[in-house]
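> sequence first, predicted model second:
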Amino acid sequence: MFPSLAHDRTGSGAPVVLVHGIGHRRQAWDPVVPLLAEDHEVITVDLTGFGESPGHPRGSRHDVEAYADHLVAAFASWGLERPHLAGNSLGGAIALELARRGAVSSAVAIAPAAFIDWKGAGAALPLVAMRLGALAVPAPLLRHATRGALVRRLIGWPLYAYADRHDAASTYADALAMKRARGFERTAIACLRPVVRPFRGALKAPVTVAWGTKDRILPYGQMARARRLVPDASYVTLEGAGHVPMGDCPEAIAELIRGAIASVEAGRTAVA
């Protein structure tokens, strides 16, 4: 039995599903949604155990493959057949897995958690610190603390190159999402598998991998490993962007996704 995933839908046109990273929520994509919704139906989703979605069913795994299974079931319930998809971090690893299965028409993987090396495993410590801090601080104190610019910069530093762009309300909501993330630890452990077993395999859909040069969670250098292991993908460098670049450069992210969709849709039109 697959969980029913919380999601929002807006716009019209070729559908694209947007997937967040570990400990985050679908609102991570808010800066990008209105830009994409000018041309596409946009679906933002909370992964199992995150945001407003229910936790994992009893006995369910917390690995990338399980999250991909949940999304495929969600596609069917939403009336989508092989939508386009973009994902960040954990969502990027899921995007790659769905492209390997041929379950999506195109995939954009932004800083995917699929090529972590030993150095990258150490760099993920700020994310662990964010989780521990969110668990330790009561929600009312979190709300009060995030009113301060310095606290917002500290919370946003691992995720964004420009943490100052995020106001108290969004920073508090992000911290609360991290605090309430069910299954965070089991998912985080499963996400370390690429240290010894990185993503590889034939792709059944076009893939674009994008990485910010100021990524403080999964360092930009991991893109070199991705190039070696998945040479058939396209690669894009996001200059000056952090781990969650949807907040750093939303216009560039929207254009990247729009371009990936357009190349596929143009081919379909030509065949028709």
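Now that the structure is in, tell me what you want to look at.

> what is the neighbour count of Thr185?
For residue 185 the amino acid is Glu, not Thr. 12 (other Cβ atoms under 10 Å). The way it works is simple: take the backbone N, C-alpha and C, and place the C-beta from them, glycine included.

> CA atoms of the helix or strand it falls within as PDB?
Per DSSP states H and E, Glu185 falls inside helix 184-190. Extracted C-alpha coordinates of helix 184-190, given in PDB (Å, rounded to 0.1, in the frame of the first residue of the first chain):
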ATOM      1  CA  PHE A 184      15.100  11.400   8.400                       C
ATOM      2  CA  GLU A 185      17.800   9.300  10.000                       C
ATOM      3  CA  ARG A 186      17.000   6.100   8.100                       C
ATOM      4  CA  THR A 187      16.800   8.000   4.800                       C
ATOM      5  CA  ALA A 188      20.100   9.800   5.500                       C
ATOM      6  CA  ILE A 189      21.800   6.500   6.100                       C
ATOM      7  CA  ALA A 190      20.400   5.000   2.900                       C
END
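
> give me the helices and strands touching it, please.
For helix 184-190, the packing partners by 3 or more Cβ pairs under 8 Å, 6 or more residues apart in numbering; DSSP states H and E come out as helix 125-136.

> any idea which helix or strand comes after the helix it packs on?
Once the chain leaves helix 125-136, the next helix or strand it forms, by DSSP H and E, is helix 139-145.

> and that following helix, what's buried?
Neighbour-count burial for helix 139-145, counted by 16 or more other Cβ atoms under 10 Å, picks out 142-143, 145.

> what number of residues lie near Asp164?
So Asp164, with other Cβ under 10 Å, has 10 neighbours.

> please apply the same query to Thr48.
Using other Cβ under 10 Å, the number of residues around Thr48 comes to 26.

> wasn't Asp69 part of a strand?
No - checked against DSSP: H, G, I helix; E, B strand; the rest coil, Asp69 lies outside a strand; its state is helix.

> the longest helix along the chain: how far from the chain's middle?
What stands out as the longest helix in the chain, according to DSSP state H, is helix 250-271. The chain centre lies 19 Å from the centre of helix 250-271; the measure is Cα atoms, centre = their mean, to the nearest Å.

> what's the answer for stretch 48-58, then?
A distance of 16 Å separates the centroid of the chain from that of stretch 48-58, by Cα atoms, centre = their mean.

> likewise for stretch 30-38?
15 Å.

> what's around Ala241, how many residues?
Look at Ala241: counted by other Cβ under 10 Å, it has 26 neighbours.

> can you pull the contacts of it?
By Cβ atoms under 8 Å, 6 or more residues apart in numbering, the contact set of Ala241 is 161, 212-215, 248-249, 252.

> the same query, at a cut-off of 10 Å, please.
110-111, 160-162, 210-215, 220, 247-249, 252-253 (Cβ atoms under 10 Å, 6 or more residues apart in numbering).

> restricted to helices, list the residues you listed.
252-253.

> pLDDT score for the spatially closest residue to Pro250 that is not a sequence neighbour?
Nearest non-adjacent residue to Pro250, counting by Cβ to Cβ, 6 or more residues apart in numbering: Pro31, 3.7 Å away. If you check Pro31, the pLDDT there is 98.
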